[in-house]
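Engineer: The sequence isn't on hand, but the structure is:
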């Protein structure tokens, strides 16, 4: 009787191990779970931004712009005011075609880096992607294509290796 119970127990453990092995995620681990992506671009050239940065007396609009372009705004997913501010500041908004979402999800995924890079400069973030799910703001990614830098909030995984596998180049082609 003990042998039968032991055999059943062993069989049960073996089948449960097989089931858990097949349910483990494979491939990319997306930073964001989304059903809509908005792309905002700053309405100023690099030279105009550098001029604003260098000014001593900045207007409220210029200060607000620099908080987004060079600062840490937004700081959390609860900080949604920056989206309205981008619209007030003249950012150009485009809601991306859902056909692009699989590629965007792939680009914004955790993976092992294939070609490590270092940011090339300290330029501001001129592109902002806002990720939404069911209309709710769930995260954003501020991108500097020129300097190959980013700043994300709301990501589900550590984004330290983002861009290390050619994501900046692929994303730039996808958005243009």
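Structural biologist: Noted; the coordinates are in hand. Please read these numbers as outputs of a predicted model, since none were measured by experiment.

Engineer: Around the closest residue to residue 113 other than its chain neighbours, how many other residues sit close by?
Structural biologist: Distances taken as C-beta to C-beta, 6 or more residues apart in numbering place residue 164 nearest to residue 113, at 3.1 Å, with adjacent residues excluded. Yep, even glycine has a C-beta here, placed from its N, CA and C like the rest. By the measure other C-beta atoms under 10 Å, the count of residues near residue 164 is 17.

Engineer: Report the separation between residue 164 and residue 129.
Structural biologist: Remark: distance between residue 164 and residue 129 (C-beta to C-beta, to the nearest Å) = 18 Å.

Engineer: Within the helices and strands, which one has the residue most central in space within the chain?
Structural biologist: The centroid of the chain falls nearest to residue 141 when counting by C-alpha atoms, centre = their mean (3.9 Å). Residue 141 is part of strand 136-144 when elements are defined by DSSP states H and E.

Engineer: how much space between residue 124 and residue 117?
Structural biologist: Going from residue 124 to residue 117 by C-beta to C-beta gives 19 Å.

Engineer: between these two, which one's more packed in?
Structural biologist: Neighbour count, other C-beta under 10 Å: between residue 124 and residue 117, residue 124 has more, with 23 against 14.

Engineer: and the closest residue to the more buried one other than its chain neighbours, how many neighbours?
Structural biologist: Among residues not flanking residue 124 along the chain, residue 69 sits closest, at 3.6 Å (C-beta to C-beta, 6+ apart). Residue 69 is flanked by 22 other residues according to other C-beta under 10 Å.
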